[in-house]
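dropping the sequence and predicted coords here.
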Amino acid sequence: MTKFVQVCLNGLTLGSLYALIALGYTLVYGVLRFINFAHSDVVTIGAWMAFVFCGLIGWLGTDSPIFAMPFILALSMAACALLGFTIERLAYRPLRRAPRLNVLITAIGVSLFLQNAGQLKWVFGTQPQAMPKLLSEQALFTIANVKVPVVDVVIVVLAFVLLVWLQYLVFRTRLGQAMRAVSFDERTAALMGINVDWVVSITFMIGSALAAAGGMMYGLRYGTLLQTADSVWVLLGLKAFVAAVVGGIGNVRGAVAGAFLIAFVEMFGAAYRSPQMRDVYVFGILIAVLILKPGGLLGKSTVEKV
Amino acid sequence: MALLEVSGLEVRYGGIHAVRGVSLSGEEGQVVALIGAHGAGTTTTLRAISGLVRPSKGTVRFAGKDITSMAPHQIVALGLSHAPEGRGIFANLTVDENLQLGRYLRTDNAAVHKDREHALSLFPRLRERLQQNAGTLSGGEPQMLAIARALVARPRLLLLDEPSLGLAPQIVQLIFKIVKTIASEGTTILLVEQNAHMALSVAHTGHVLEVGTLVHSGPAKQLAADDAIRKAYLGVH
């Protein structure tokens, strides 16, 4: 029982992290129909920015004030929103009318640029760093002999709040309506008086801010920040991408459903089968979904003429 | 001064010279028909006016302002609405949400409500389908929605692209009756049509476009009586 509850808790926490990251992929795909391969690097930079901000303010020990975490989170999200805005403006916007493959290759280029620029001595460097302990290590409460640490509770609550907010934004606001209109047809949306460039910019900023939240919380949970090109980051981004595809790329609710499915399968597989095989389970689901329901669990299948 | 003045408009898509020097104008309150077969450059002309494609030459002036190089959303804000060909509706949104997008730039809620009611009274079938996904509309309904959505913006100039395309004759009659009503209420209309007979029956002036060039221009009645046009576009031999 204890093990089961522990695994469920791990799945819930990891699923929340995947969901925050997966939403960035799915939002950008929804609006522009392309996979932003640089998204996982925004996650990495979000985590590192949190570390840098902590250092600048001097919150590196365990004695940082209670408001340090939300404050650093807000800074990191803002910094990444700016980064996302800049990436779209400089790298993707000039290619808006270009064939999709060009944009895809550009995204890989941006990804490589961020990974390598992050390793420069005057950026984040190549040495691993310990993420400052902004949240208490103590258990907030105990269920079935399982200690539930503050950080896990904060991750799940934060993800929940951001997801509800995003759901509200997309389906209940004028901006969300504009996003859905652009997603369906950019030209017709422009004829409604929608500033398409602005909607795309906002979408990138929201996705990147969520990525920063995911990256920083990942850092707080696992404690160590590896250099920006490390495969840990790549794998984290890749799994979140798998979550978005499994749920149905372009679908906000699908991304969240996919994220929790992936995380639970990964955690249960690792705990009850083989820990070495955890990535295999994740990509196994991807293959199964692509064979059985290529549009994703909540997505619509589309026929594309070739 | 004319509300819309297009002069020497040219549009190129890569190597294709789609519009080759089109000049036309529309007085406030008038209906101008632009007649052309598929591929004649009519849709491209409308897109150049509403800012969706950038002309390589020529100017477009609307209400005295040069709008040639303005972005589509800025042009909409000036009071120019473009109802694109049949499928230019948001099939992923409900009919109601489509209408809401039509008023995207308006903040005068009370007046919007009146215009929306008026648009729905012109197309009562849309009122029955407000909560339905626009992708499930059939027959002339998508076209009705495109026109109603443009009306909710309360435009000074309405660009209508082939409202009769692919519709049954009865529905074509209905749509043209409504076009006439809209025009009589003071909205200026630039109407693109292949159905020259219907278009010229509601228009004040008409233009005929062939391979990107205007080949005939004049009062609608005169064009409708012209032998060459009757043979080519009205199916009279």
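Perfect, thanks for sending it. Numbering: from 1, shown residues only, chains lettered A, B, ... in the order given.

where do the helices sit along chain A?
Remark: helices assigned in chain A by DSSP state H are A:2-32, A:39-57, A:68-87, A:100-117, A:150-172, A:174-184, A:186-191, A:196-222, A:231-247, A:252-272, A:278-292.

what does chain B give?
With helices called from DSSP H, chain B shows them at B:42-50, B:72-77, B:95-102, B:109-122, B:124-128, B:141-152, B:169-184, B:196-202, B:220-225, B:227-233.

can the ones you listed go into CSV with extra columns for mean neighbour count, distance to chain A and mean pLDDT?
C-beta here means a position set from N, CA and C on the backbone, and glycine is covered the same way. As requested, the helices of chain B are exported to CSV (neighbours: other Cβ atoms under 10 Å in any protein chain shown; distance: least, Cβ to the nearest Cβ, whole Å; pLDDT from 0 to 100):
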stretch, mean neighbour count, distance to chain A, mean pLDDT
helix B:42-50, 24, 6, 95
helix B:72-77, 21, 4, 96
helix B:95-102, 23, 5, 95
helix B:109-122, 15, 13, 95
helix B:124-128, 15, 17, 94
helix B:141-152, 25, 8, 94
helix B:169-184, 16, 17, 93
helix B:196-202, 21, 21, 92
helix B:220-225, 18, 27, 90
helix B:227-233, 15, 28, 79
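
about what we covered before: of the helices of chain A, which is nearest B:E141?
For those, the distance to B:E141 is smallest for helix A:186-191, at 16.6 Å, taking Cβ to Cβ.

what about B:E28, how many residues close to it?
14 (other Cβ atoms under 10 Å in any protein chain shown).

find the nearest non-adjacent residue to it, please.
In space, and not counting its chain neighbours, B:E28 is closest to B:L3: 4.6 Å by Cβ to Cβ, 6 or more residues apart in numbering or on different chains.

go ahead and confirm that neighbour touches B:P155.
No: counting by Cβ atoms under 8 Å, B:L3 sits too far from B:P155 to count as a contact (10.7 Å).

can you check which residues contact both of these two?
With contacts taken as Cβ atoms under 8 Å, 6 or more residues apart in numbering or on different chains, B:L3 and B:P155 have no neighbour in common.

OK, contacts around residue 127?
Using chain A here. Contacts of A:Q127 (Cβ under 8 Å, 6+ apart): A:Q227.

my question was about chain B
B:L120.

do you know how far it is from B:D96?
B:R127 is 10 Å from B:D96, where distance means Cβ to Cβ, to the nearest Å.

one more: A:L82?
The gap separating A:L82 from B:D96 is 36 Å, by Cβ to Cβ.

what do you get for A:L225?
48 Å.

with B:A220 instead?
36 Å.

ok, A:L220 next?
From A:L220 across to B:D96, the span is 43 Å (Cβ to Cβ).

ok, A:P65 next?
Separation of A:P65 from B:D96 (Cβ to Cβ) stands at 49 Å.

check A:V265 too.
A:V265 is 39 Å from B:D96, where distance means Cβ to Cβ.

ditto for A:A79
From A:A79 over to B:D96 (counting by Cβ to Cβ), the distance is 39 Å.

same question, A:P70
Applying Cβ to Cβ, the value for A:P70 to B:D96 is 38 Å.

again, but for A:S208
Separation of A:S208 from B:D96 (Cβ to Cβ) stands at 32 Å.

ok, A:M192 - how many residues close by?
Here the count is done by other Cβ under 10 Å, and A:M192 has 27 residues near it.

what of the one 3 residues further on?
Using other Cβ under 10 Å, the number of residues around A:N195 comes to 20.

so who does it touch?
Counting by Cβ under 8 Å, 6+ apart, A:N195 touches B:A71, B:H73.

so for it, what's the pLDDT?
Per-residue confidence at A:N195 stands at 97 (pLDDT).

next: A:D152.
Listed pLDDT for A:D152 reads 94.

then B:T68?
B:T68 carries a pLDDT value of 95.

over to B:G235?
For B:G235, the pLDDT comes out at 66.

same thing with A:T2?
89.

does A:A211 touch A:C80 like I think?
Yes: assessed by Cβ under 8 Å, A:A211 is found in contact with A:C80 at 6.1 Å.

report the contact partners of the most centrally placed residue in chain B.
Centroid check for chain B by Cα atoms, centre = their mean gives B:L160 as the closest residue, at 1.4 Å. Listed by Cβ under 8 Å, 6+ apart, the contact set of B:L160 reads B:A83, B:I147, B:A150, B:V179, B:I189, B:L190, B:L191, B:V192.
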